[in-house]
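Participant: I need the structure of the sequence given here:
(one chain, ligands or ions: 1)
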Amino acid sequence: MTPQDLQPEELPHGAAARRGPFRAGERVQLTDERGRMNTITLTPEAAFHTHKGFLNHAELIGKPEGSIVANTTGQLYQALRPLLSDFVLSMPRGAAVVYPKDAGQIVTMADIYPGARVVEAGVGSGALSISLLRAVGDRGYLHSFERREEFAAIARGNVETIFDGPHPAWQISIGDFQDEVVKAEEPGSVDRVVLDMLAPWECLDAVATVLAPGGVWINYVATVTQLSRTAEAIRADGRFTEPESWESMVRGWHLEGLAVRPNHRMVAHTGFLLVTRKLADGVTSLALKRRPSKTEFSQQDLDAWTPSSVGERAVSDKKLRRAARDAVATTQTRGHVAPAVDENTAGGTADETADDGSVEN
Ligand SMILES: C[S@@+](CC[C@H](N)C(=O)[O-])C[C@H]1O[C@@H](n2cnc3c(N)ncnc32)[C@H](O)[C@@H]1O
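Facilitator: A predicted model of the protein is given here:
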């Protein structure tokens, strides 16, 4: 039996609403001839107004996706249902959302599969919850935890918009993840844990309790200090594999005739991902056996975080002065009059400065 043979009510949740002609109540993305986008919710009596006329929503209801319609002054609009990646960037939000590029990485690298038993916190606006629900499917399980009721309400609304109603695999609980998840889930019963919050290290014990041996724990954090603290807490705990971390950058391209080049602007930073897996009960990580580490950063540790202790190579004053001289010389060769340089304060070195001017350490 193929999906084409299924009745709409037999299709996975939300699938039927994404097919067929436009219906009243659904969101439609309008793109004008200059590429400007607006998202409207189709309401039979409503109209989409701009300073160049208006378009009655009724014109769209019943038309196939991809239609091009004209407003009262002949302005043309291309009409499509927003994709998930469009929706999460335009949906109502209270907290920052996980961007589609990161949601894709999370689903793949945390190995979220149909039927998986997943717990998640915090929910924020529900962007990541939607991707997780798509991945676990109707017969999977996603239990999301959010400490703030208002965010949970926004997330619930967004999830129900995209799935055209409540999702059968989803439940959301209000409260702190670390307190609630251990009450709600049996020890060792969860396949995947996904955290997007300020202090994931506070959840370490709870994650170790509910996660099944071999289960994956993925964290999305915005800063390197959170990343480091989470990694060190995991390492010091010993119940998990060596954590791995990465970030992804997506650069769009401008495609026009022979002018094919990267876009001038990009979203350069969203967050870092850090993944680890739960070891069998009673087992201590090989890395911890090899190199015991401290559990927490003490004030002493924080004071010790000098640039060199975090891997930055010290550059000698002599090298800095030489670089300053080289920089002045380069500027003069290009015909600019360089300001006088104080040898004691100038920075950068010639042999350590890349073509783009950055200093490699
Ligand atoms: C950046 S938002 C999450 C965004 C969400 N992943 C999305 O894609 O829309 C972080 C959320 O975590 C919640 N939070 C922080 N610590 C928490 C905890 N310990 N337990 C539950 N929720 C928490 C915050 O209230 C906030 O809503």
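
Participant: Pretty sure residue 202 sits in a strand.
Facilitator: No - if the criterion is DSSP: H, G, I helix; E, B strand; the rest coil, then residue 202 is helix and not within a strand.

Participant: Name all residues that make contact with it.
Facilitator: Applying Cβ atoms under 8 Å, 6 or more residues apart in numbering to residue 202 gives the contacts residue 178. The way it works is simple: take the backbone N, C-alpha and C, and place the C-beta from them, glycine included.

Participant: The same query, at a cut-off of 10 Å, please.
Facilitator: Residues in contact with residue 202, defined by Cβ atoms under 10 Å, 6 or more residues apart in numbering, are 176-178, 195, 230, 233.

Participant: and if you look at residue 203?
Facilitator: 121, 145, 176-179, 181, 193, 195, 197, 217, 219, 230, 233.

Participant: give me that answer again for 8 Å
Facilitator: With contact set as Cβ under 8 Å, 6+ apart, residue 203 has these partners: 121, 177-178, 181, 195, 197.

Participant: what do you get for residue 119?
Facilitator: Residue 119 sits in contact with 142-145, 177, 181, 185, 190, 192-194, 210, where contact means Cβ under 8 Å, 6+ apart.

Participant: Now do the helix or strand harbouring it, average pLDDT.
Facilitator: Residue 119 is part of strand 117-121, with elements assigned from DSSP states H and E. Strand 117-121 shows a mean pLDDT of 98.

Participant: Tell me how far the closest residue to residue 146 other than its chain neighbours lies from the ligand.
Facilitator: Nearest residue to residue 146 in three dimensions, chain neighbours excluded: residue 123, at 3.8 Å (Cβ to Cβ, 6 or more residues apart in numbering). Separation of residue 123 from the ligand (Cβ to the nearest ligand atom, to the nearest Å): 6 Å.

Participant: before we move on, what about residue 256?
Facilitator: As judged by Cβ to the nearest ligand atom, residue 256 and the ligand stand 33 Å apart.

Participant: Which strand or helix spans residue 216?
Facilitator: Judged by DSSP H and E, residue 216 forms part of strand 211-221.

Participant: Report the next helix or strand after that strand in sequence order.
Facilitator: helix 224-237.

Participant: okay, the angle between that following helix and strand 211-221?
Facilitator: Inter-element angle recorded for helix 224-237 and strand 211-221: 160 degrees (by axes from the mean of the first three to the mean of the last three Cα atoms, to 10 degrees).

Participant: can you pull the contacts of residue 41?
Facilitator: Residues near residue 41 by Cβ under 8 Å, 6+ apart: 25-28.

Participant: What parts of the stretch 101-250 of the chain come near the ligand?
Facilitator: Contacts of the stretch 101-250 of the chain with the ligand, taken as Cβ under 6 Å from any ligand atom, map to 121-122, 124-128, 145-148, 151, 176-178, 196-198.

Participant: Kindly give a single ChimeraX line that selects the buried subset of those.
Facilitator: Applying 16 or more other Cβ atoms under 10 Å to these leaves a buried subset, and the ChimeraX line that selects it is:
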select :121,122,124,125,126,127,128,145,146,147,151,176,177,178,196,197
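
Participant: taking the residues of the stretch 101-250 of the chain next to the ligand one by one, which sit in strands?
Facilitator: Under the assignment DSSP state E, those contribute 121, 145-146, 196 to strands.

Participant: In which helix or strand does residue 158 reside?
Facilitator: Taking DSSP H and E as the criterion, residue 158 maps to helix 149-162.

Participant: What's the mean pLDDT across that helix?
Facilitator: Across helix 149-162, the average pLDDT comes to 94.

Participant: Which residues does the helix or strand that it is followed by contact?
Facilitator: Downstream of helix 149-162, the first helix or strand assigned by DSSP H and E is strand 170-174. Residues from elsewhere that reach strand 170-174 (Cβ under 8 Å, 6+ apart): 123, 129, 133, 142-149, 152, 155-156, 159, 180, 184.
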